[in-house]
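Colleague: Predicted coordinates and the sequence they were generated for:
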Amino acid sequence: MHALINALPLQTLPVLRLLSHAEFFSGEAIARRLNCSRGTVHNAIRAAQEAGFRVHAVHGRGYRLAAPVSWLDADRLHHAFDQRGIRLQYFDQIASTNAQMLDWAARDAPERAPQRALVCAEWQSQGRGRRGRDWHADLGAGLMFSFLWRSTRPAAQLSGLSLAVGVALVEGLREFGLAGARVKWPNDIQLGGAKLAGVLIELASDKLASDVLAPSTAVIGVGINVSGGEALSQRVGQPVTDLSAHLSAHLGRVDRNELLLRLVTSLDTALTRFECDGFAAFHAAWHACHAHQSQPVCLQRGHGEAINGIALGVDAQGALQVETASGIETFHSGEVSLRAISP
Ligand code: BTN
């Protein structure tokens with residue numbers, strides 16, 4: 001397991017971006033290019049290795065990437081998202097893109113506050129997961145972003161939002177060539193029975209929070225495993241997979257910029273539909289890509305009680321319906337966790 005690191009040295013990403021998979025670069029050559037000392041280069045590489053990044057370091061030759069990496073290209077992304085009317089904040093490293101977006105949404109004066117905005121980062125030191133868990137991705141191995149959505153709908157009318165987001169991500173992934181992506185109730189994306197991506201939606205609390213009819217500001221955080229799924233499986237003790245395992249045979253290296261553009265475009269389109277029609281617009285599509293439709297599942301309540309049954313799908317609010325020994329029961333997200341039972 002890798003060390004817990006709060007921050008990478010500032011030069012880490014600039015140093016890594018200069019490295020290649022094909023040939024060695026000496027510390028001296030890198031230092032010259034970045035106008036810094038060899039010690040700075042050495043520290044940057046060591047910190048990257050501690051954050052789970054694989055670089056070969058050979059005395060007398062220098063440094064070489066263990067595998068090619070598709071770095072996020074901030075200029076390309078700014079240009080592409082500007083054209084779509086989406087404001088972007090890109091960071092080499094950040095504590096959490098969700099925390100950053102919540103802060104951004106709250107800090108700007110109303111007339112300057114972004115409407116549709118995106119925060120993405122190469123690396124998070126304190127990525128947040130659901131149910132108070134953390135979200136970890138080794139440097140260069142994940143795609144992490146948070147999308148800001150301002151809705152005229154009050155919070156009470158957002159039920160099913162996380163399921164609609166799941167459908168949008170599955171559609172985006174399928175366009176990207178990943179035909180087998182499925183939704184796992186309520187917030188995961190699965191591939192071949194293993195977790196590929198997770199969604200964390202956080203609502204910004206504002207001055208009008210006490211008004212139940214006030215419009216909502218939602219931060220939709222998405223984390224996708226692009227590589228390193230096997231190591232993550234061991235770390236979290238549940239089956240985890242990654243995109244490269246399923247795509248690189250057909251497409252070569254996964255272009256994370258292209259992936260981000262596709263997914264955010266799909267999400268943006270879905271949110272416009274959700275604004276008009278709510279979860280009703282996604283109900284059928286959700287069932288069509290439900291990983292456990294008509295399958296045996298086990299639901300675990302917080303205090304340990306386990307309920308077995310057959311997953312029937314979701315109701316109009318996105319609550320899961322399960323046929324159990326005592327009849328059809330309805331479960332809301334947040335109160336149970338779900339796992340499949342092998343037949
Ligand atoms: C889950 O527990 O499955 C949800 C994980 C969500 C992780 C993403 S990564 C980008 C965004 N920023 C965060 O801090 N968390 C979300």
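Modeller: Now that the structure is in, tell me what you want to look at.
Colleague: Just confirm Gly180 is within a helix.
Modeller: No - the assignment for Gly180, made by DSSP: H, G, I helix; E, B strand; the rest coil, is coil rather than a helix.
Colleague: residue contacts, it?
Modeller: Taking CB atoms under 8 Å, 6 or more residues apart in numbering, we find Gly180 in contact with 191-192, 246. Quick note: C-beta positions are derived from backbone N, CA and C, even for glycine.
Colleague: same thing but 6 Å
Modeller: Leu191 (CB atoms under 6 Å, 6 or more residues apart in numbering).
Colleague: Same check on the one 4 residues further on?
Modeller: Counting by CB under 6 Å, 6+ apart, Lys184 touches 190, 291.
Colleague: which parts of the stretch 201-343 of the chain sit against the ligand?
Modeller: Near the ligand, the residues belonging to the stretch 201-343 of the chain are 221-223 when assessed by CB under 6 Å from any ligand atom.
Colleague: Do you have the strands of the chain handy? List them.
Modeller: 55-58, 62-65, 87-94, 116-124, 142-151, 182-184, 188-191, 194-203, 216-225, 296-301, 306-314, 320-324, 327-331, 336-340 (DSSP state E).
Colleague: between those strands, which one is nearest to Ser233?
Modeller: strand 194-203 (7.4 Å; CB to CB).
Colleague: okay, now the closest residue in space to Ala280 that isn't next to it in sequence: neighbour count?
Modeller: Spatial nearest neighbour of Ala280, excluding adjacent residues (CB to CB, 6 or more residues apart in numbering): Ala316 at 6.6 Å. By other CB atoms under 10 Å, 11 other residues sit near Ala316.
Colleague: now the strands of the chain as a markdown table including mean pLDDT?
Modeller: Output for those, formatted as a markdown table (pLDDT from 0 to 100):
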| stretch | mean pLDDT |
| --- | --- |
| strand 55-58 | 94 |
| strand 62-65 | 96 |
| strand 87-94 | 96 |
| strand 116-124 | 96 |
| strand 142-151 | 95 |
| strand 182-184 | 97 |
| strand 188-191 | 96 |
| strand 194-203 | 95 |
| strand 216-225 | 95 |
| strand 296-301 | 92 |
| strand 306-314 | 95 |
| strand 320-324 | 96 |
| strand 327-331 | 95 |
| strand 336-340 | 84 |
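Colleague: Which of these sits closest to Arg46?
Modeller: Using CB to CB, the nearest of the strands of the chain to Arg46 is strand 55-58, at 8.7 Å.
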